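Colleague: quick check, what structure comes out for this input:
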Amino acid sequence: MDAKEGKRWTNLARLFMREKKPVVGATPADVVHSENKWRLLRYRGSPTARTPVVLVPSLINRHYVLDLMPGKSFAEHMVREGFDVYCIDWGTPSDEDRYLTFDEIVDGYLGRALRVASRTAGTTNAHVLGYCMGGLMTAIHAATHPERFASLTAVAAPMRFTDDGLLSRWSRTETFDVRAMTTAYGNVPWQLMQGAFQLLRPTLQVAKAVGLVHRAWDDEFLDGFLALETWGNDAVAFPGEAYRRYIEELYRGDHLLDDTFTLSGKPARLGAITCPTLAITFEHDNIVPWASAKVLVDRVGSTDTEWLHLQGGHVGAMVSRAASKSLWPKIAQFWRERDEVARAPARRRSRSHA
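Modeller: As a prediction, this is how the structure comes out:
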């Protein structure tokens, strides 16, 4: 048995004995606002950029996917780049949150997070990055409150739902009675949603197990694998009333794309988004088909848009060593350039990188 083979079996033994624990969400941060179950974190650093950055994760995933582990932390990277970085931790909804509405979350909670971040940083607006559902929520907020945005970055964020993606097709089936489910459960259990995601790729768990055994000798791989698995199995329930509207008006009605969606009674039209906008899509994203995310830059009213299309999947292309060397610097550059031209005369700028 060579050294690599010996290390493989030693690491696997430690794993099954639960001796190897991942370090997740470790970048130092302070809570600058908290309300109900959610809180706003501000990562510690010495910012040199004038405009704060606010990270908005999906409502049903833990925020630390954007602060996964040292060396694979998007938040850590941006702090080192000199940005004043904030992140929403949505927390865990309780039974009383079953009646929490989409408007209360996307208008109320998100709006207060942006105002607190801007006020704390001493600015009037912020660069905002939304990941997955967080990108959808952020775009809807930008459509009704454009003044709060120095720029909008949407990463693998669904905007169009009349596509052939499995989640869209399943959500439109007549046998899916969303009102009966939310009446029965209140909040939609994370186990149900996680089961749906797993059905998108039924062989994924087997493939991951094979990959784990094959590369268990590699400490760096193993640490990243365990951190990502910890996050993937730490899901969050979806407040029932907010979920009902999410399915009925977005997945089934596609009202954001037909310009009939509203937020707290105000029209939420993508054409009303006037800030610099970057849409990032991934070729092998089986959760959000890339064309359904790219449509954002086709519909916004901004004169400054970019579309960045990359290889990879929904999570791996955003959270990896490769992302830290390629994607993350491009996002930092997008923000830094918009700081330099802030309040300068608007000019048409549209770029695609595929």
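Colleague: what helix or strand is P70 located in?
Modeller: In the assignment (DSSP states H and E), P70 maps to no helix and no strand.
Colleague: ok, D339 next?
Modeller: Short version, using DSSP H and E: D339 is in helix 327-340.
Colleague: need the CA coordinates for that helix. CSV is fine.
Modeller: What follows is helix 327-340, C-alpha atoms only, in CSV (Å, rounded to 0.1, in the frame of the first residue of the first chain):
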residue,chain,number,x,y,z
LEU,A,327,-15.4,34.3,-11.3
TRP,A,328,-14.9,36.2,-8.0
PRO,A,329,-12.3,38.6,-9.4
LYS,A,330,-14.6,39.4,-12.3
ILE,A,331,-17.4,40.3,-9.8
ALA,A,332,-15.0,42.5,-7.8
GLN,A,333,-14.0,44.2,-11.0
PHE,A,334,-17.6,44.9,-11.9
TRP,A,335,-18.2,46.5,-8.5
ARG,A,336,-14.9,48.4,-8.6
GLU,A,337,-15.6,49.9,-12.0
ARG,A,338,-19.1,51.0,-11.0
ASP,A,339,-17.6,52.8,-7.9
GLU,A,340,-15.3,54.7,-10.2
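Colleague: against T183, how distant is the residue nearest the centre of the chain?
Modeller: The chain has Y131 as the residue nearest its centroid, 2.0 Å off, counting by CA atoms, centre = their mean. Relative to T183, Y131 is positioned 30 Å away (CB to CB, to the nearest Å). The C-beta positions use only the backbone N, C-alpha and C, and glycine is treated the same way.
Colleague: quick one: residues contacting the spatially closest residue to R179 that is not a sequence neighbour.
Modeller: Nearest non-adjacent residue to R179, counting by CB to CB, 6 or more residues apart in numbering: R244, 6.3 Å away. Neighbour list for R244: V178, R179, T182 [criterion: CB atoms under 8 Å, 6 or more residues apart in numbering].
Colleague: which parts of the stretch 101-250 of the chain are strands?
Modeller: Assigned by DSSP state E, counting those that start in this stretch, the stretch 101-250 of the chain shows strands spanning 126-131, 149-155.
Colleague: for the last one, packing partners?
Modeller: Contacts of strand 149-155 with other secondary structure elements, assessed using 3 or more CB pairs under 8 Å, 6 or more residues apart in numbering; DSSP states H and E, are made with strand 126-131, helix 133-144, strand 277-282, helix 327-340.
Colleague: could you rerun that using 10 Å?
Modeller: strand 53-56, strand 126-131, helix 133-144, strand 277-282, helix 290-299, strand 304-310, helix 327-340 (3 or more CB pairs under 10 Å, 6 or more residues apart in numbering; DSSP states H and E).
Colleague: the ones you listed into JSON lines, with extra columns for distance to W90 and mean pLDDT?
Modeller: Output for the helices and strands packed on strand 149-155, formatted as JSON lines (distance: least, CB to CB, whole Å; pLDDT from 0 to 100):
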{"stretch": "strand 53-56", "distance to W90": "9", "mean pLDDT": "98"}
{"stretch": "strand 126-131", "distance to W90": "12", "mean pLDDT": "98"}
{"stretch": "helix 133-144", "distance to W90": "9", "mean pLDDT": "98"}
{"stretch": "strand 277-282", "distance to W90": "21", "mean pLDDT": "98"}
{"stretch": "helix 290-299", "distance to W90": "21", "mean pLDDT": "97"}
{"stretch": "strand 304-310", "distance to W90": "26", "mean pLDDT": "97"}
{"stretch": "helix 327-340", "distance to W90": "22", "mean pLDDT": "94"}
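Colleague: any idea which of these is most buried?
Modeller: strand 53-56 (a mean of 29; mean count of other CB atoms under 10 Å).
Colleague: which strands and helices sit next to it?
Modeller: strand 38-43, helix 74-80, strand 85-89, helix 110-121, strand 126-131, helix 133-144, strand 149-155, helix 327-340.
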